[in-house]
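**Q** Got a predicted structure plus its sequence, pasted below:
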Amino acid sequence: MPTWTALTHAKGREAAEALAEAGEDLTPEPVGSGVFEIEDGSDRWEVGLYFTEAPDDVGLALLAAAWDAPPFAVSELPEVDWVAHVRRELSPVEAGRFFVHGGHDADKVPEGAEALLIEAAMAFGTGHHATTKGCLLALDRMIAEGAEPQRIVDIGCGTAVLAMAAARSFPVIVLAGDIDPQAVDVARANVIANGLDGRVECVEAVGFDHPLIESAAPFDLVFANILKQPLIDLVPDMARQLAPGGRAILSGILVTQAEEVIAAYAAGGLALERRDDLGEWSTLVVRRG
């Protein structure tokens with residue numbers, strides 16, 4: 001089935017989300033919408049509408065004009081077997097003791113590695129992105145240094161690869177939360193596929209805002225592989241929910257954004273312990289004093 005995308009952008013997250021919501025009233029109705037920060041420091045957010053029927057050009061033009069946005073750029077996408085495509089393109093990823101792979105690469109798991117299975121259909125955030133790999137490497141170093149966190153949470157967990165890595169490494173129940181209910185469903189499926197049912201609890205949550213997460217605080221270790229602005233917005237909660245001496249592994253940050261995030265966390269009482277850059281992405285480890 002062919003699909004169409006219609007893309008524009010708006011100034012500020014609130015305006016972009018409102019524009020996307022208004023777009024859902026178009027005819028034909030989009031099957032989905034999305035808002036994504038354009039990571040160039042401009043505070044502009046891309047707005048995407050996705051259709052299985054050709055969208056109404058006049059309706060899109062009126063919508064863009066009403067929200068003072070540039071005209072939508074409309075593209076028709078060919079039919080693609082994305083699972084097959086991802087399977088061809090993604091190779092296993094080694095990050096210290098961790099080995100992230102699809103089922104088609106199960107025979108490549110090195111002896112003694114902590115293998116994490118993420119199928120191609122659920123490949124977003126599997127470790128093939130430098131931010132996730134950076135977090136796994138930071139966790140690997142903590143383990144090597146003898147860390148033994150008892151209370152762990154993965155904020156914005158995606159496929160739960162970080163939560164599962166922690167559950168494989170420490171004899172505790174790890175919490176994992178995501179704002180996207182579809183991500184939570186994917187995370188739960190991955191937990192079961194990796195034999196960690198009952199070891200990783202996945203919930204729909206905005207940051208720390210969930211009764212299960214709040215009742216488990218304060219945390220010795222927090223993962224937050226999200227984006228720059230959500231990370232900065234999270235500082236007050238992070239400072240409150242981390243135990244004294246607790247550490248947070250942060251990523252989803254461009255190298256050019258790292259100093260701003262470091263300064264925001266320092267102002268919240270969380271000092272930088274380590275920074276590592278992989279390509280254009282930074283991973284930070286901060287500690288509460």
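**A** Arrived safely.
**Q** need the strands for the protein, in chain order.
**A** 3-11, 32-37, 44-51, 73-77, 93-95, 98-101, 114-117, 152-155, 174-178, 200-204, 219-225, 242-254, 270-278, 281-288 (DSSP state E).
**Q** Give me the mean pLDDT for the shortest one.
**A** The average pLDDT for strand 93-95 rounds to 84.
**Q** now for it, which elements pack on it?
**A** Packing partners of strand 93-95 (3 or more Cβ pairs under 8 Å, 6 or more residues apart in numbering; DSSP states H and E): strand 98-101, helix 130-144. No exception for glycine: its C-beta is placed from N, CA and C like everyone else's.
**Q** Now do the last one: everything it contacts.
**A** With contacts defined as Cβ atoms under 8 Å, 6 or more residues apart in numbering, helix 130-144 is touched by 93, 95-98, 100, 125-127, 158, 161-162, 165-166, 169, 221, 223, 225, 247, 249, 251-253, 274, 276, 278-283, 285.
**Q** re earlier: tell me which of the helices and strands packed on strand 93-95 sits most buried.
**A** strand 98-101 (a mean of 24; mean count of other Cβ atoms under 10 Å).
**Q** which helices and strands does that one pack with?
**A** Using 3+ Cβ pairs under 8 Å, 6+ apart, strand 98-101 sits against strand 93-95, strand 114-117, helix 130-144.
**Q** Nearest to A189, out of these?
**A** strand 114-117 (10.8 Å; Cβ to Cβ).
**Q** Given the closest one, what are its sheet partners and their directions?
**A** Under the criterion DSSP bridges, strand 114-117 sits next to strand 98-101 (parallel) in its sheet.
**Q** What lies in contact with the strand it pairs with?
**A** Identification of contacts with strand 98-101 by Cβ under 8 Å, 6+ apart yields 92-93, 108-110, 113-118, 126-128, 136, 139-140, 161, 165.
**Q** Tell me the buried residues within the contacts of helix 130-144.
**A** By neighbour count, with 16 or more other Cβ atoms under 10 Å, these hold 93, 95-98, 100, 125-127, 158, 161-162, 165-166, 169, 221, 223, 225, 247, 249, 251-253, 278, 281-283, 285 as buried.
**Q** Would you map out the domains in this structure?
**A** As given by automatic domain parsing, the domain ranges for the chain are 3-77, 128-288.
**Q** right, and these - which one's nearest H104?
**A** When these are compared by Cβ to Cβ, domain 128-288 sits nearest H104, at 13.9 Å.
**Q** and that closest one, how far out from the chain's middle?
**A** 10 Å (Cα atoms, centre = their mean, to the nearest Å).
**Q** What mean pLDDT does it get?
**A** On average, the pLDDT along domain 128-288 is 94.
**Q** do the same with stretch 99-110
**A** Rounded mean pLDDT across stretch 99-110 is 78.
**Q** do you know how far the closest residue to Y50 other than its chain neighbours is from D277?
**A** The spatial neighbour of Y50 that comes closest, neighbours along the chain excluded (Cβ to Cβ, 6 or more residues apart in numbering), is G32 at 4.5 Å. Distance, G32 to D277, using Cβ to Cβ, to the nearest Å: 33 Å.
**Q** And for I192?
**A** 35 Å.
**Q** per-residue pLDDT, the residue lying closest to P71 once chain neighbours are set aside?
**A** The shortest distance from P71 to any non-neighbouring residue, by Cβ to Cβ, 6+ apart, is to A64 (5.3 Å). pLDDT for A64: 95.
**Q** show me what contacts A64?
**A** Remark: with contacts taken as Cβ under 8 Å, 6+ apart, A64 is in contact with T8, P70, P71, F72.
**Q** just to revisit the earlier point, would you reformat the helices and strands packed on strand 93-95 as CSV and include distance to V174?
**A** Formatted as CSV, the helices and strands packed on strand 93-95 follow (distance: least, Cβ to Cβ, whole Å):
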stretch, distance to V174
strand 98-101, 14
helix 130-144, 11
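**Q** what about Y265, how many neighbours?
**A** 24 (other Cβ atoms under 10 Å).
**Q** how near is it to A217?
**A** 18 Å.
**Q** now do T283
**A** T283 sits 23 Å away from A217, going by Cβ to Cβ.
**Q** can I assume V35 is in contact with W45?
**A** Yes - using Cβ atoms under 8 Å, V35 makes contact with W45 at a distance of 5.5 Å.
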